[in-house]
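> pasting a predicted model and its sequence here:
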Amino acid sequence: SVPLWETANLDDYYPAKYVRLTVDPQAESMVAPPQTLSKRDPEFPSIPTALSAKAHRYAYTVGSHIQYPTLRDGKGKGLAGSLLKIDTARPNREEVYEFLPHEFVGEPFFVAKRGVDITQPGCEDKGYLVCYIANGRDLTTDLVILDVEGPGALERGPVARLRVPTYIPPGLHGTFVEGLSFENP
């Protein structure tokens, strides 16, 4: 059979966007126009758990293999083949790491470096992104770890890549719980 990524007509789908909405809950209204922070088909956005529901500068998402052109009707989507580090303070500084055309990215999750309090100023990106990469050609899956600390860190690619013993299809959600393992439930 022919792989989906070679046969899908991506021109039939609307692209995802990462958009900031600023609202006033008391007034039940928007206080600023929506601001698009990324147009590279961002999906599965993730921020450090310690910053959930708090102001944060960086968001990490799955993105398309390439910046897919939007068609006149607004459609045009890419397949999930990259990781993005979106700088919400400076959206033009988006970082991208692209995997091979037959590799598809699972939901990334952020893991702080040991001993780092990411809630402190200047420490928010001192950590790693961890996610699965599904190889659609060989039907294998790797666990990848990428250092995201500092400008350009994500673009250097994985610091570790480990083959897992079974194929995990794309789209699996992920999470990280410090100290939890099968040996230590």
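Great, that's in hand.

> rest of the way, CA atoms for contacts and neighbours
Will do.

> so where do the strands sit in this protein?
Counting by DSSP state E, the chain has these strands, from start to end: 18-20, 23-24, 29-30, 35-38, 43-46, 58-64, 80-87, 95-98, 103-105, 109-112, 127-135, 140-147, 160-163.

> counting contacts, what elements does the last one pack onto?
Packing contacts for strand 160-163, counted by 3 or more C-alpha pairs under 8 Å, 6 or more residues apart in numbering; DSSP states H and E, involve strand 140-147.

> coming back round to it: redo the strands of the chain as TSV? Include mean pLDDT, mean neighbour count and distance to residue 11.
Listed next are these as TSV, based on pLDDT from 0 to 100; neighbours: other C-alpha atoms under 10 Å; distance: least, C-alpha to C-alpha, whole Å:
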stretch	mean pLDDT	mean neighbour count	distance to residue 11
strand 18-20	84	16	19
strand 23-24	89	12	33
strand 29-30	90	11	32
strand 35-38	85	17	19
strand 43-46	85	18	18
strand 58-64	90	25	14
strand 80-87	91	25	15
strand 95-98	94	21	21
strand 103-105	91	27	19
strand 109-112	92	23	29
strand 127-135	94	24	23
strand 140-147	96	21	28
strand 160-163	97	14	33
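
> minimum distance to residue 119: which of those strands has it?
Minimum separation from residue 119 across the strands of the chain (C-alpha to C-alpha) falls at strand 109-112, 10.4 Å.

> partner strands of that closest one and their direction?
Taking DSSP bridges as the criterion, strand 109-112 sits next to strand 127-135 (antiparallel) in its sheet.

> from the middle of its chain, how far away would the strand it pairs with be?
9 Å (C-alpha atoms, centre = their mean, to the nearest Å).

> what does that strand rub up against?
102-113, 140-149, 167-170, 174 (C-alpha atoms under 8 Å, 6 or more residues apart in numbering).

> now residue 84: closest residue in space that isn't a chain neighbour?
residue 96 (4.7 Å; C-alpha to C-alpha, 6 or more residues apart in numbering).

> wait, which of the strands of the chain is closest to residue 8?
strand 80-87 (13.0 Å).

> thought residue 59 was touching residue 109, still the case?
No - Residue 109 lies out of contact with residue 59 (C-alpha atoms under 8 Å); the separation is 10.3 Å.

> tell me the spacing between the residue most central in space within the chain and residue 30.
Geometric centre of the chain, nearest residue: residue 61, 1.7 Å, by C-alpha atoms, centre = their mean. Distance of residue 61 to residue 30, given as C-alpha to C-alpha, to the nearest Å: 25 Å.
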